[in-house]
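Asks: For reference, the sequence and a predicted model appear below.
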Amino acid sequence: MSAAGGDRPVVTFLSDYGLRDEYVGVCHGVIAQICPRARVIDITHGIPPQDVRAGALALAAAVAFMPNAVHLAIVDPGVGATGVAARRPVALQAVAAGHMLVGPDNGLLLAAAERLGGVARAVDIAHSPRRARSVSHTFHGRDLFAPVAAALAAGGPLEQLGEPIAAESLRALELSQASVYQGELRARVLYSDRFGNLALDASVEQLAELGALTDGPMVAVHRGVAIPVARARAYADVAPGELLLYEDAQGMVALAVNCGSAEQLLGARRDDELVVRAA
Amino acid sequence: MSAAGGDRPVVTFLSDYGLRDEYVGVCHGVIAQICPRARVIDITHGIPPQDVRAGALALAAAVAFMPNAVHLAIVDPGVGATGVAARRPVALQAVAAGHMLVGPDNGLLLAAAERLGGVARAVDIAHSPRRARSVSHTFHGRDLFAPVAAALAAGGPLEQLGEPIAAESLRALELSQASVYQGELRARVLYSDRFGNLALDASVEQLAELGALTDGPMVAVHRGVAIPVARARAYADVAPGELLLYEDAQGMVALAVNCGSAEQLLGARRDDELVVRAA
Amino acid sequence: MSAAGGDRPVVTFLSDYGLRDEYVGVCHGVIAQICPRARVIDITHGIPPQDVRAGALALAAAVAFMPNAVHLAIVDPGVGATGVAARRPVALQAVAAGHMLVGPDNGLLLAAAERLGGVARAVDIAHSPRRARSVSHTFHGRDLFAPVAAALAAGGPLEQLGEPIAAESLRALELSQASVYQGELRARVLYSDRFGNLALDASVEQLAELGALTDGPMVAVHRGVAIPVARARAYADVAPGELLLYEDAQGMVALAVNCGSAEQLLGARRDDELVVRAA
């Protein structure tokens, strides 16, 4: 059975390859050769180099909005490693019918698979009969992952593309978790986006809890500097240049500046700790 | 009637979303779910964040070269605003048959619509029956604009996608205008491109007027620094590293450096004033 | 005969246009108008501005992985030049059936053509009947190259798209060449990629020769600073943060840092000279 949505199978593609080099284009070429009918939707290739966590969160945010597809995802600092350091290359069938995932088993895929109902079946594709005849040590996207994703899109059965492995053995993403204590939200920055919005490791429930505790003015504190921040729903709920704390469209708790950049205003980066508390 | 060009409908897509995050890919997924036959042509997603003017000029420069299409454009600093600050989300049918535009009514769309013969009909899509069931406050691209654009591409009649509004009520782009006085061109930078070429707010007629006034050597002056500049048609008409004043391929008056960057040479940015005069 | 792979013709597209402006999207629109059935695979548009060499090497690395296609490539510092400085715009048929190349004759195309078996036939398309009615002096991608590439994809015979020229008259890419002498590899940086990997002008044979000469620890020296480097096959063969010398997936000899950037570690850029020798 094909992973097709409509009459043409869809492959989505996310990576940290960037668009400066020919790497993404080469993978498109490989897919087009193996499955000429496939349509490729690029989710993004702007994941910061080797940032598996950012890739996993972007993929998880995207898959629910995709048609039935083979989701090819590659953020793979361990490419070519052997022995105990080796990560497995895998292909997964999601419980949600028509969705598959292909990529390294390093935490990149599971959050997305959970959005698709979990993992129904999994195979290790390291020795897949559909990999390139000669597999390089540094570009498994071209030689392994894209060929297997294209073979799946062309209708190749999962069980013929690799060796079965237990879904329980797949590697989950480990995330820090914010805390709310004595009216303070203590959170870390998971990633920033192109607008300088900062996604935090707090839950929507923690945001509500904080709201219940503080109904007066609040501040966000980073490295000892406190900046006023307002609970809001949309950017324009605060004046231009002002900071807001909100639930973003991906369901993450985030900080933003209306018509500006929270990243710049706070000088905060990935993994930095921030405190939000009463002013 | 469908907005199709050939047998597959086309959606063009321009935004300031950038390609670092999954936002563009998610909109592609939404379109593919609603109208699997649609083909999406990305015009650009590199518009500087919230720079409605740059988006409007890029869209206007592009539409004439596109097949019949639904032109989806999103540069939307006012997303989620309510009350008097709210901008309307709109869908427009152009006078040129087969062209529609979807986006915020903030000046982004009208210059392009004029290239397509003007606006024939317009609807406010804020409460469109084709919007997502739950519309976020910060990602109308995904929840409102892309769904409506895809519904149009699938052949949905404009009048069923929103409430009719008067074309005259749509918001035009306001641009500064250069002046030619006593042999001097006084102009502002509208935008710079990736090559460091600077598009000015001067007209081709003003360029001709300037040419008639000065037939000797000229200089471009920015912040008191005067740099020799030559009237030319192509980059290679001047020596490498030298500055030229020319009509660019979009019909804008622009400054460039052969094999270099006018932006760097002049140190000029968006909105800066420049004077071109006899040396 | 069409350049089609499968039932839809393929146009691949590489340029230095970047994705900040609408230039790439406009070329897509032009192709879609002339050959609506064509599918476009973007190889990359992130070639550094006017870096013909980087474009030529990326194109050569990519074409072997593409389906039968018209390969449209534009890195064109000489656009619009006339007289003796003028470069010819050309279309080439490769010896490998079903592959064509379109672009400026400035060294960009020939390395790729060689990967496709060489040039079977060539035409000068400066006065092609399929160019735009009005050809700008600065945007031949839109007005000349994309229209001709699309006409080829639509099945237009090469000989009707331009004037025949001798394949021997086409301009080859000139590359520096590393040397191995007294156990030292002396090489230049051809380009860096997004991961900060540095491709050198050394051959795989020279890498083997160096390996035969030095079996002890080695260093890479740039501007007098020596940094330990190991011969390896995969990034993970060395510890995180350490430098490796390897054959990359494109068959180039390269330097990389496991989980890091060789470009940053060595402070080396395009054309810089590096020496690798025994420590």
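Replies: Great, that's in hand. Numbers count the residues shown, from 1 in each chain, chains lettered A, B, ... in the order given.

Asks: From now on I want contacts and neighbour counts done on CA atoms only, so please keep to that.
Replies: OK.

Asks: Tell me who's in contact with residue A:31.
Replies: A:38, A:146-147, A:149-150 (C-alpha atoms under 8 Å, 6 or more residues apart in numbering or on different chains).

Asks: wait, I meant residue A:266
Replies: Applying C-alpha under 8 Å, 6+ apart, the residues near residue A:266 are A:222, A:227.

Asks: can you check residue A:88 too?
Replies: Residue A:88 neighbours (C-alpha under 8 Å, 6+ apart): A:104-106, A:124-126.

Asks: Next: residue A:136.
Replies: Contacts of residue A:136 (C-alpha under 8 Å, 6+ apart): A:143, C:248-249.

Asks: Likewise for residue A:251?
Replies: So residue A:251 contacts residue A:204 (C-alpha under 8 Å, 6+ apart).

Asks: Burial check on residue A:135, number of neighbours?
Replies: Using other C-alpha atoms under 10 Å in any protein chain shown, residue A:135 has 15 neighbouring residues.

Asks: Tell me, what's the model's pLDDT at residue A:154?
Replies: As predicted, residue A:154 sits at a pLDDT of 97.

Asks: if we can go back for a sec, pull out the buried members of the contacts of residue A:88.
Replies: A:104-106, A:124-126 (16 or more other C-alpha atoms under 10 Å in any protein chain shown).

Asks: Could you list the low-pLDDT ranges of the stretch 101-250 of chain A?
Replies: A:213-214 (pLDDT under 70).

Asks: Look up how far chain B lies from the residue in it that chain C sits nearest to.
Replies: The nearest approach of the stretch 101-250 of chain A to chain C comes at residue A:137, 5.2 Å away (C-alpha to the nearest C-alpha). From residue A:137 over to chain B the distance is 26 Å, taken as C-alpha to the nearest C-alpha, to the nearest Å.

Asks: ok so, going back, what is the nearest of the buried ones among the contacts of residue A:88 to residue C:271?
Replies: Set against residue C:271, the nearest of these by C-alpha to C-alpha is residue A:104 (34.8 Å).

Asks: Run through the residues that contact the closest one.
Replies: A:73-76, A:87-90.

Asks: In space, what's closest to it - neighbours in sequence excluded?
Replies: residue A:89 (4.4 Å; C-alpha to C-alpha, 6 or more residues apart in numbering or on different chains).

Asks: how near is that neighbour to residue B:242?
Replies: 53 Å (C-alpha to C-alpha, to the nearest Å).

Asks: what residues are up against residue A:120?
Replies: Applying C-alpha under 8 Å, 6+ apart, the residues near residue A:120 are A:92-95, A:167.

Asks: Columns distance to chain B, neighbour count and secondary structure on top of the residues you listed, output as CSV?
Replies: Listed next are the contacts of residue A:120 as CSV, based on distance: C-alpha to the nearest C-alpha, whole Å; neighbours: other C-alpha atoms under 10 Å in any protein chain shown; DSSP: H, G, I helix; E, B strand; the rest coil:
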residue, distance to chain B, neighbour count, secondary structure
A:92, 20, 27, strand
A:93, 19, 23, strand
A:94, 18, 23, strand
A:95, 19, 17, coil
A:167, 26, 16, helix
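
Asks: and residue A:236, that's in a helix?
Replies: Yes - counting by DSSP: H, G, I helix; E, B strand; the rest coil, residue A:236 is located in a helix.
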